[in-house]
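> Got a predicted structure here, sequence first:
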Amino acid sequence: MSEQPSPHLPEPDRPWLMRTYAGHSNAKASNELYRRNLAKGQTGLSVAFDLPTQTGYDPDHELARGEVGKVGVSVAHRGDMATLMDGIPLDQMNTSMTINATAAWLLALYIVAAEEHEVDQQALQGTTQNDIIKEFLARGTYAFPPAPSMRLTADMVAYTVEHVPRWNPINICSYHLQEAGATPVQEIAYALSNAIAVLDAVRERVSEDRMGRVFARISFFVNAGVRFVEEHAKLRAMATLWEELGRERYGVSDPTHLRFRYGVQVNSLGLTESQPENNVQRIVLEALAVTMGRNARARAIQLPAWNEALGLPRPWDQQWSLRIQQVLAFETDVLEYADIFEGSRVMDALVQELIEGSRAEMEVVVDHGGAVEAVPYMKAALVDSHRERVRRIESGEQVVVGQNRFTETEPSPLGGDGEVQVQVVDPAIEAEQVEALARWRSGRDGQAVRSALAALARVAEGEENIMPATIAAARAGATTGEWAQTLRDVFGEYRAPTGVGEASGAPDTEELDELRDEVARVSEALGRRIKLLVGKPGLDGHSNGAEQIAVRARDAGIEVVYEGIRLTPGQIARSAVQEGVHVIGLSILSGSHMNLIPDVITALGDAGAQVPIVVGGIIPEADAEALGESGVAAVYTPKDFDLTRIVRDIVALVAERHGVTAQA
Amino acid sequence: MTPAGRAPDGAELGARLRARDLSAAPAALNLLESRAPEDRRQAAALLGQLSPAALGGEASAHVVGITGPPGAGKSTLLSALAAAWRAQGRTVAVLAVDPTSRRSGGALLGDRARIEFDSHDEGVFVRSTAAGERLGGLAPATRAAAEALAAAYDVVVIETVGVGQAETEVADAVDTVAVIVQPASGDVLQFLKAGVMEIPDVLVVTKADLGKPALATVRDLRAALRSLGADGVPVVSVSSLAPPSGIEDLVGGLERHRAALDLPGRRRQARRAHALSDFLAEHGERGLRALGGRREAQRFLDQQDPGLDVASLTAALEARAPEQA
Ligand code: B12
Ligand SMILES: Nc1nc2c(ncn2[C@@H]2O[C@H](COP(=O)(O)OP(=O)(O)O)[C@@H](O)[C@H]2O)c(=O)[nH]1
Ligand SMILES: [Mg+2]
């Protein structure tokens, strides 16, 4: 008679690292926030940088306008980094930095800050996200073209394996792919294809016997949506495929090197503006997906907050989410058992299904020439999947409680109706940072900075590893913008594909058919087809909304000009004038709308153009009113999930402005 | 069409373009693209200001056609070319044509995204248009737009839709046709060899940064041209991503073609093709039959006064096929 193995572990497992993705304003304010969070039982740091820092611009750059200290902390030089980490024991702390294009620079600043605290880089622990392919596909904070970007990543991996051995130089991200609409299969397939591209690039820079260690340093940053059973299966599938990849492609045999290690931020795309309290349930279930099975459990977790779709979370909102983690780890029994799905036929079959789907999709990526070359393909595929997701929500096939079903509600005691429910960053911060930067520049040895940057440029032009010259520039007091500009001058710049042109058409519905007739009627009266410019001003990389509006407008029969993310107000105005559009739709989710939308209006005025403007994104009610007063015709937010309806409004707006009479 | 009440004046816009006032370009194109009857009249007045007779000769621009399969790198190349032309002090207008969705009639005009230029630079103009139901690679207004802008800009480029070898229209709308080929894609090579495609004035292989495949494609194209007895056609290898390469060669190649060209002859050809295309758009195949077929129509056009502008040529065709007009 066989004995049942005990379901109990001799000792409960240690909980995962608990983090809160945080940072705003300046280094000092963020440092205070980190210390408070650590005092509440948070066990690791997760640094959110502002968009200028992420894209390599100093606070005084034209493109930084409205963005300094907004969605994260501004770090412009080693002085900022020292303030940010003040009083935090860097030899013990595990610090995750969401930094990509400028990862080499921020790691250098961290190393130099540690030096100043007499902590050797050998002791540093943490992660730089540093995954550039997903920036092209979903996240948008890239700075350099694909080839030099991959080289920077490979340099960092090669450097840290030798000199910062406890650092995770890259976190391959599937998180952002799901946030851009990926299906579970796409999430797995594109993340692993991406990992292959990185590992292949590193293989050219390290000796073969180092590949086991390199492989072991690659960790993942994944997503978990509310379909939490399938999501758990997804993680098991990734673990299996990862191990297989290590053995077969890279000849790794040490089991500790082959382990699939991942951190998580759970799904935020599904968190709603309508009845935002329901988001708490969603977050809890998603957290279960990444904790309940021991064989595929997260190493580190950060959770979004209940007010995700309203704006930035306040410390209290983030505390609520930290408490979710703590309840899960310390009150429930998830950490007490062996893997609870081992031997489950259902789970195994689900995993197998995902593995097979992913293998097939990975083959498609190979056929496109690998992940770097396949960026346009993958981007278009994501836009298409997202189109399908939006359609299912609009049609009610996919239920979103409180948004497209069960929408009746009592008044919420959590605030709302004009009450501020989010973190507001003081707009004065930008000017302060600009001033502080000027002081920093005047206080440093200019000659030392110039020669460090010249040395950096030489290294960039050649083959040598970028890290030593980057660390030297950090020590000399160079700024984030100077480091990035030096590399932009050598590497050039790049605009990622938008994916919208390839997106397949929406299936015909009665509503859409009617709208097409209306578009045809109004176009006839105008003399040419309605032309819409969809514009993304500023550094904001949130492209989902703009992409989906552009695709739906096309499907309604409109001619749509969409140039992708990160344009200046001047560029948008130029495009509108040159293209002769009838209407402009601007999309801003990063919170810089009160600076940038008036800037676009001014630029249009300067160009003598009278084109009606509609705006979409994360726009608080009070701001929407103010924008209305400055001439914006309409404002849409996440609760307006019916895209056909939005497009119908736009057509009516064009008709009205051009004196086309309404249909009888 | 502009907001109600402010009817654009075609003749005035034409005169401004003739005086090389680049700020007239957007409004001129709004007019040329419009199908509203009053706009059509104004558009004719606009073009009337820019006929060879009105200009006292052919418009001075170099009109270049960039054609080739989707994804070959046409728009990205244009970005690099525009920068090179600007560096020479030349003004540049780009007419980019994208496909129209058959089901909805809408279009996503994406070329602009790839064509980077300084937004403060008034010397670059980019206009995206949708091909509509036409198959030849141009939008309904592209020929007229190119003619109008050729009076104001130094270089006018047409980027065609890029959907296969059926894109024949561009050849008789421009001075110089450049066909863009992506490394390791056999289509153009096959079309050339099989004689499906006319031999272009310049061949460009993109993505030189990919190395070997680009080199191999250049070699194959050169061999094919040799076997067709067209050794003189330049094959230029370029990389449009930073740091760009081969762009100067290409600028030179285009330049040399234009210098060796019988410009009045080519432009006359373009106007005749344009008139026929306008006539066809208006009167269809039945109209063409009334003219005795395409060859007969062409013969008729060839006999017309070389100085006639498009509108007069179209009118002559219509007069010839009275029952259709
Ligand atoms: C998905 C998402 C992402 C994805 C974006 C993927 C992509 N390619 O778009 C990823 C993971 C990459 C991401 C990253 C970041 N994000 Co984010 N993200 C979101 C999230 C969860 C959903 C946004 C979304 O795509 N919704 C789906 C689309 C279809 O809806 P939508 O854009 O809202 O569009 C609707 C309307 O707004 C309107 N609309 C929008 N645009 C337009 C345009 C026109 C013309 C019209 C007519 C209408 C219209 O119509 C649409 C119809 O429903 C929101 C929170 C939320 N739940 O809304 C945070 C959120 C926008 N993100 C936020 C932040 C801070 C970031 C980061 C800056 C964090 C950081 N410090 O690094 C990064 C960096 C991104 C960057 N480069 O700018 C904040 C912004 C805070 C603020 N405004 O104050 C939010 C609000 C989350 C939060 N509470 O903190 N994010
Ligand atoms: N590697 C490389 N890629 C290029 C080059 N030129 C264009 N591309 C890429 O090829 C794709 C298609 O380019 P695009 O200009 O839009 O092509 P079009 O459809 O012919 O206009 C884009 O992803 C470009 O980034 C080049 O010189 N080198
Ligand atoms: Mg193109």
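Cool, the structure landed. Ligands and ions are numbered 1, 2, ... in the order given.

> does stretch A:385-405 come close to chain B?
No. Stretch A:385-405 lies apart from chain B when judged by CB under 8 Å from any CB of the partner chain; the minimum separation is 12.4 Å. C-beta here means a position set from N, CA and C on the backbone, and glycine is covered the same way.

> Look at the nearest residue to B:His274 once chain neighbours are set aside and say how many residues are nearby.
Spatial nearest neighbour of B:His274, excluding adjacent residues (CB to CB, 6 or more residues apart in numbering or on different chains): B:Arg143 at 4.4 Å. By other CB atoms under 10 Å in any protein chain shown, 26 other residues sit near B:Arg143.

> who's in contact with B:Arg143?
B:Arg143 is in contact with B:173, B:270, B:273-274, B:277, B:310, counting by CB atoms under 8 Å, 6 or more residues apart in numbering or on different chains.

> hmm, which of the residues you listed are the buried ones?
B:173, B:270, B:273-274, B:277, B:310 (16 or more other CB atoms under 10 Å in any protein chain shown).

> In strands only, show me those residues.
Using DSSP state E, no member of these falls within strands.

> Regarding the nearest residue to B:Asp154 once chain neighbours are set aside, what is its secondary structure?
Sequence neighbours aside, B:Arg90 is the residue nearest to B:Asp154 in space, at 3.8 Å (criterion: CB to CB, 6+ apart). Secondary structure, DSSP: H, G, I helix; E, B strand; the rest coil: B:Arg90 is coil.

> mind checking how far B:Arg90 is from B:Thr314?
31 Å (CB to CB, to the nearest Å).

> per-domain residue ranges of chain B.
B:1-56, B:62-259, B:262-325 (automatic domain parsing).

> okay, now B:Ala281: neighbour count?
Using other CB under 10 Å, B:Ala281 has 14 neighbouring residues.

> which regions of chain A sit below the pLDDT cut-off?
Flagging of chain A using pLDDT under 70 yields the residue ranges A:1-2, A:416-418, A:664.

> change it to 50
By pLDDT under 50, the low-scoring segments of chain A are A:1.

> Find the closest residue to ligand 2 in the stretch 351-500 of chain A.
Nearest residue of the stretch 351-500 of chain A to ligand 2: A:Pro376, at 4.6 Å (CB to the nearest ligand atom).

> what's the closest non-adjacent residue to that residue?
A:Pro497 (4.4 Å).

> and that neighbour, what are its phi and psi?
Backbone torsions of A:Pro497, given as degrees, to the nearest 10, read phi -70, psi 150.

> Check chain A for the residue nearest chain B and tell me.
Relative to chain B, the nearest point of chain A is A:Gly492 (1.9 Å; CB to the nearest CB).

> can you pull the contacts of that residue?
A:144-145, A:148, B:241-243 are the contacts of A:Gly492 under CB under 8 Å, 6+ apart.

> just B:Gln49 next, same as before
B:Gln49 makes contacts with B:10-11, B:14-15, B:17-18, as judged by CB under 8 Å, 6+ apart.

> Now restrict these to buried residues only.
Neighbour-count burial (16+ other CB under 10 Å) is assigned, among the contacts of B:Gln49, to B:10, B:14-15, B:17-18.

> Need the max-distance pair from these.
Of all pairs drawn from these, the widest gap by CB to CB lies between B:Gly10 and B:Arg18 and measures 12.4 Å.

> Does B:Val63 lie in a helix or a strand, and which?
strand B:62-67 (DSSP states H and E).

> C-terminal to that strand, what's the next element?
That would be, after strand B:62-67 and using DSSP H and E, helix B:74-87.

> Is that following helix in proximity to ligand 2?
Yes. With CB under 6 Å from any ligand atom as the criterion, ligand 2 is reached by helix B:74-87 at B:74-76.

> can you redo the contacts of A:Gly492 as JSON lines with distance to A:Met85, neighbour count and secondary structure?
Output for the contacts of A:Gly492, formatted as JSON lines (distance: CB to CB, whole Å; neighbours: other CB atoms under 10 Å in any protein chain shown; DSSP: H, G, I helix; E, B strand; the rest coil):
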{"residue": "A:Phe144", "distance to A:Met85": "27", "neighbour count": "24", "secondary structure": "coil"}
{"residue": "A:Pro145", "distance to A:Met85": "32", "neighbour count": "19", "secondary structure": "coil"}
{"residue": "A:Pro148", "distance to A:Met85": "29", "neighbour count": "20", "secondary structure": "helix"}
{"residue": "B:Leu241", "distance to A:Met85": "37", "neighbour count": "21", "secondary structure": "coil"}
{"residue": "B:Ala242", "distance to A:Met85": "35", "neighbour count": "19", "secondary structure": "coil"}
{"residue": "B:Pro243", "distance to A:Met85": "37", "neighbour count": "10", "secondary structure": "coil"}
